[in-house]
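Colleague: Whatever this is, show me its structure:
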Amino acid sequence: MEEKQIVNFGPGPAKLPKSVLLQAQKELLNYSGLGISILEMSHRSSDFNKILNKTESLLRELLNIPGNYKVLFLQGGGSGQFSAVPLNLIGLKGDRCADYLVTGTWSAKAAKEAEKYGKVNVVHPKLHSYTKIPEPSSWTLTPSASYVYYCCNETVHGVEFSFTPEAKGVELVCDMSSNFLSRPVDVSKFGLIFAGAQKNVGCAGVTVVIVREDLLGHALKECPVVLDYKVQAEMSSLYNTPPCFSIYITCLVLEWIKNNGGSAAMEMLNKQKSSRIYDIIDSSNGFYVCPVDVSCRSRMNVPFRVGRKDGDEALEKKFLDGAHERGMISLKGHRIESWRSRDPSWKRL
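Modeller: Coordinates of the predicted model:
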């Protein structure tokens, strides 16, 4: 039977490179000749330790991570980090407060969660729609804040930072879940970076955290031990049973990214693909409408409506039905917002 060709635009879990899937299939029943599956392997074994070390080594190489940063592989997804970040960092200074840039659904959720543990300052005027990043000149940063938090690519709204915010001496924290390794990043500018793997570097189950060593050991007393960065760093992410298979898949994806030119090559690919989509939208005489300001359009996911600015229900249904007939899935977008075209880094390689 001929294999049906599917183009998966899912934002996360997202499409994986076929070579990664084939490698995982090949090793699923008998990993590296050991006679057991990676799904059965003890997380305390030397064999899994090799996988863990290789995954970290690849990450350090691809992002040029400085030696004074720890790399953690945790659970709970990005939403777990909405709690973990303030639990670990909001107590860095006595005022127990943090600055948040709220430019979309995910940074809004993060800010709301952080309010449980301290004072949250939204540093810019309230946005009536998430279609543009406020000008830095409109920001009011708090000198006594423990950190400045932002999400550099809002998956739901298709808003992406093309620059690294200036935190003015305060620790910078970034949710990079949906554009992680899609372009080179100067890790040294950040106190902490986290990314759920399922959007760009693997499957659901593992969250990558990159944190500078001097920020460890400041967790609030109410911080659960599994979310305590210092504890997890001291235990090499093995305080509790880690998501072994998810880490293994991330290792394969990182190897794939390395073999295909690294983050610089991914950046070029993302620019090429997103430009083709935006060109079609912009030349459609209003038939397709992208609400996002040109200055902050995402290279990773492209929200658009069909027929008019707020969408023509009949035309959008026709579009989605036609896409499905042609083997294109997951174009409808997030359940709480309009729909979008999602374009993971590796989709067409």
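Colleague: Could you list the buried residues of the longest helix anywhere in the chain?
Modeller: Longest helix in the chain, counting residues (DSSP state H): helix 262-282. By 16 or more other Cβ atoms under 10 Å, the buried positions in helix 262-282 come out as 262, 263, 266, 267, 269, 270, 273, 274, 277, 278, 281. The way it works is simple: take the backbone N, C-alpha and C, and place the C-beta from them, glycine included.
Colleague: Counting by contacts, list what that helix packs against.
Modeller: Applying 3 or more Cβ pairs under 8 Å, 6 or more residues apart in numbering; DSSP states H and E, one finds that helix 262-282 contacts helix 46-63, strand 288-289, strand 301-303.
Colleague: rewinding a little: and the buried residues of helix 262-282, which two are the farthest apart?
Modeller: Of all pairs drawn from these, the widest gap by Cβ to Cβ lies between 262 and 281 and measures 29.3 Å.
Colleague: now the helices for the stretch 201-349 of the chain?
Modeller: 229-234, 244-259, 262-282, 313-325 (DSSP state H, counting those that start in this stretch).
Colleague: can you put those in CSV and add mean pLDDT?
Modeller: Converted to CSV, the helices of the stretch 201-349 of the chain look like this (pLDDT from 0 to 100):
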stretch, mean pLDDT
helix 229-234, 98
helix 244-259, 98
helix 262-282, 96
helix 313-325, 94
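Colleague: got those helices as JSON lines, with distance to residue 130 columns?
Modeller: Output for the helices of the stretch 201-349 of the chain, formatted as JSON lines (distance: least, Cβ to Cβ, whole Å):
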{"stretch": "helix 229-234", "distance to residue 130": "29"}
{"stretch": "helix 244-259", "distance to residue 130": "29"}
{"stretch": "helix 262-282", "distance to residue 130": "18"}
{"stretch": "helix 313-325", "distance to residue 130": "20"}
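Colleague: Which of these sits closest to residue 138?
Modeller: helix 262-282 (25.9 Å).
Colleague: Taking their axis directions, the closest one and helix 244-259 sit at what angle?
Modeller: Angle between the axes of helix 262-282 and helix 244-259 is 90 degrees (criterion: axes from the mean of the first three to the mean of the last three Cα atoms, to 10 degrees).
Colleague: now helix 262-282 against helix 46-63, angle please.
Modeller: Going by the same axes, to 10 degrees, helix 262-282 makes 60 degrees with helix 46-63.
Colleague: could I have helix 262-282 exported to CSV, CA atoms only?
Modeller: Extracted in CSV, the C-alpha atoms of helix 262-282 (Å, rounded to 0.1, in the frame of the first residue of the first chain):
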residue,chain,number,x,y,z
GLY,A,262,23.3,24.1,13.2
SER,A,263,21.2,27.0,14.3
ALA,A,264,22.6,29.4,11.6
ALA,A,265,21.3,27.0,8.9
MET,A,266,17.9,26.7,10.7
GLU,A,267,17.6,30.5,10.8
MET,A,268,18.2,30.8,7.0
LEU,A,269,15.6,28.0,6.4
ASN,A,270,13.0,29.6,8.7
LYS,A,271,13.4,33.0,7.0
GLN,A,272,13.0,31.5,3.5
LYS,A,273,9.9,29.5,4.4
SER,A,274,8.1,32.2,6.4
SER,A,275,8.9,34.8,3.7
ARG,A,276,7.2,32.6,1.1
ILE,A,277,4.0,32.4,3.2
TYR,A,278,4.0,36.1,4.1
ASP,A,279,4.5,37.1,0.5
ILE,A,280,1.4,35.1,-0.5
ILE,A,281,-0.6,36.8,2.3
ASP,A,282,0.6,40.3,1.4
